[in-house]
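Q: Predicted model and sequence follow; I will ask about them next.
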Amino acid sequence: MTSTAPGLRIEPLSDQHDRESFASGVEPLDRYLRQQAGQDVRRRVASCFVLVGDGDRVPIGYYTLAATSIALAEFPEPLAKRLPRYPVVPATLMGRLAVGARHRQQGHGEFMLFDAFSRVLRNDIASYAFVVDAKDDNAAQFYQRYRFRFLVEGSRRLFIPVAEIAKLFS
Ligand SMILES: CC(C)(COP(=O)(O)OP(=O)(O)OC[C@H]1O[C@@H](n2cnc3c(N)ncnc32)[C@H](O)[C@@H]1OP(=O)(O)O)[C@@H](O)C(=O)NCCC(=O)NCCS
């Protein structure tokens, strides 16, 4: 894999970014950035981060993060047994991750995923699991490379315990 080039950076979505020209080839993900992401950020229901090159206004990619909670019963039994008997467990949801169609397979998806991991690790607010909603089997396979597993068999939701992410970074 080619690693993400120097000069690229990840920053919060702002009016400086040209959302209209972002094209991942996945219409719902492009439409979300164009029409919804700004509002979600303003209403504090999601954070949105974009990967951009020096002097570029068109994002190479973006992802969103939000706090969520997962019912204890949804976790696999061996993990659930080691958790306190609270009905829900705090988690972080990466609701969307997209790389522009022209920029795929250059390490940008991994770079943004690791950036999201590092934000969760730096956060003072506890989160037990990092959760993603894979839009299809292909996306699920991408996440499985990074030790994500399905929360409930048959669903599209995958997770990795934040303690495991911490080990990856140690
Ligand atoms: C999934 C996606 C984010 C991956 O981004 P990317 O920048 O192309 O991926 P990277 O270049 O960082 O790939 C990192 C590694 O994962 C592999 N990979 C990339 N996409 C993959 C996929 N769909 N399935 C399995 N492995 C994949 C790469 O080959 C690379 O492996 P390597 O290190 O052995 O070379 C991108 O394809 C995308 O935006 N897809 C459409 C939207 C989508 O599915 N989003 C996911 C959540 S809904």
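A: It's in.
Q: What average pLDDT does the longest strand along the chain get?
A: In the chain, with assignment by DSSP state E, the single longest strand is strand 61-71. Mean pLDDT, computed over strand 61-71, is 98.
Q: What helices and strands are in contact with that strand?
A: helix 37-42, strand 47-53, strand 88-94, strand 97-99, helix 108-122, strand 129-133 (3 or more CB pairs under 8 Å, 6 or more residues apart in numbering; DSSP states H and E). (Each C-beta comes from the backbone N, C-alpha and C, glycine too.)
Q: Tabulate those (a markdown table), appending mean neighbour count, mean pLDDT and distance to residue 162.
A: What follows is the helices and strands packed on strand 61-71, written out as a markdown table (neighbours: other CB atoms under 10 Å; pLDDT from 0 to 100; distance: least, CB to CB, whole Å):
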| stretch | mean neighbour count | mean pLDDT | distance to residue 162 |
| --- | --- | --- | --- |
| helix 37-42 | 15 | 98 | 23 |
| strand 47-53 | 20 | 97 | 17 |
| strand 88-94 | 20 | 98 | 8 |
| strand 97-99 | 25 | 98 | 17 |
| helix 108-122 | 18 | 97 | 6 |
| strand 129-133 | 23 | 97 | 6 |
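Q: got the contact list for residue 83?
A: Residues in contact with residue 83, defined by CB atoms under 8 Å, 6 or more residues apart in numbering, are 72, 75, 89, 128.
Q: okay, now the second one: neighbour count?
A: By other CB atoms under 10 Å, 21 other residues sit near residue 75.
Q: so residue 125, which of the three states?
A: Put simply, residue 125 is coil when judged by DSSP: H, G, I helix; E, B strand; the rest coil.
Q: Find the residue closest to the residue of the chain found nearest the ligand in space, skipping its chain neighbours.
A: Residue nearest to the ligand within the chain: residue 109 (2.3 Å; CB to the nearest ligand atom). Among residues not flanking residue 109 along the chain, residue 99 sits closest, at 5.0 Å (CB to CB, 6 or more residues apart in numbering).
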